[in-house]
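Asks: Sequence first, predicted coordinates after that:
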Amino acid sequence: MKRILLLCSVLVLFGVNASAQKEKPWTEWSQKEAMKVLADSAWAQSQSEYTEQNAGTTITPVQNRNATDLKNADKTESGQNLGKKDAALSITYHVGFLTSKPVRAALIRLIELRQPETPAATVAERRTFVDRDFGDLIVVSLVLEGNDKNKVDPAKKVLETANPETFKAVVYLERKDGKRVSLTDYKPPKPDGMGAKFIFPRTLDGKPFLDASSGEVRVYMEINKTRLSRKFKVADMMYDGKLEY
């Protein structure tokens, strides 16, 4: 009964209305709402792995995350893992469409919430990033976190030392009909907190890669032998009347 009540409290705590970010101006998002956009939304998802420290075995990969604070996200998993967190090491991969306005808005909103005394001129300059035009590019970001140094450190080293050729054969975007766009460029992580940046063309055969009829799009990556495969429903990626990706 205690485990059931704990699980229920977790679900209530992180049961942010999925449409809240679409109905409220991003400048009014709470920290919880901004975090959810970056961890579990129509434009960003996360994939986690937990390893028992003593046995060295993976518990259960977690496909989607509901997180208020990315630093404490490993406390919010399903009932089968709730009793194992103190004995587990973790690594989490946060994958998001940086070229989508909601993801950029969430990043800037978190900065504003954490730095409320920032001068108005600086705030205005930062906000231009939210409305930036990326032209014919799709940029997917990847942020790593976790306390499993045996996995986190090697993966971060790969991202920091890689070049576009490192990932061209193992990173792509795929539509439901099987059509893909391949990686055209790669930017290693910088101190900006936005993670590694994977760059793709926005068009295929002279047409937008995604439209209202695309169904879903899959982001596929292989990072240091770990396979990341996240599917996004294109119909859910609308924001302010526009398809954002």
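Replies: That came in fine, so what should we check first?

Asks: where are the low-confidence patches of the protein?
Replies: 1-22, 53-87 (pLDDT under 70).

Asks: what ranges do the helices span in it?
Replies: Using DSSP state H, the helices of the chain run over 2-13, 20-23, 31-39, 79-82, 101-114, 120-127, 149-161, 164-167.

Asks: helices or strands up against the last one?
Replies: For helix 164-167, the packing partners by 3 or more Cβ pairs under 8 Å, 6 or more residues apart in numbering; DSSP states H and E come out as strand 185-187. Yep, even glycine has a C-beta here, placed from its N, CA and C like the rest.

Asks: Can you list the strands that the strand it packs on pairs with?
Replies: Strand pairing for strand 185-187, determined by DSSP bridges: strand 196-201 (antiparallel).

Asks: Can I get the partner strand in CSV? Just the C-alpha atoms.
Replies: The C-alpha trace of strand 196-201 is given here as CSV (Å, rounded to 0.1, in the frame of the first residue of the first chain):
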residue,chain,number,x,y,z
ALA,A,196,25.6,18.5,-28.5
LYS,A,197,23.9,19.7,-31.6
PHE,A,198,23.1,17.4,-34.6
ILE,A,199,22.2,19.3,-37.8
PHE,A,200,20.0,18.0,-40.6
PRO,A,201,18.4,19.4,-43.8
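
Asks: Return the angle between stretch directions for it and helix 149-161.
Replies: Angle, strand 196-201 to helix 149-161, by axes from the mean of the first three to the mean of the last three Cα atoms, to 10 degrees: 50 degrees.

Asks: So which bits of strand 196-201 are buried?
Replies: If you call a residue buried by 16 or more other Cβ atoms under 10 Å, then strand 196-201 has these buried ones: 196-200.

Asks: Equivalent analysis for stretch 166-178, please.
Replies: Under 16+ other Cβ under 10 Å, the buried positions of stretch 166-178 are 167, 171-175.

Asks: is it possible to export the buried residues of strand 196-201 to JSON lines including distance to Glu33?
Replies: Listed next are these as JSON lines, based on distance: Cβ to Cβ, whole Å:
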{"residue": "Ala196", "distance to Glu33": "25"}
{"residue": "Lys197", "distance to Glu33": "24"}
{"residue": "Phe198", "distance to Glu33": "26"}
{"residue": "Ile199", "distance to Glu33": "28"}
{"residue": "Phe200", "distance to Glu33": "28"}
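
Asks: Many thanks, I have nothing further to ask.
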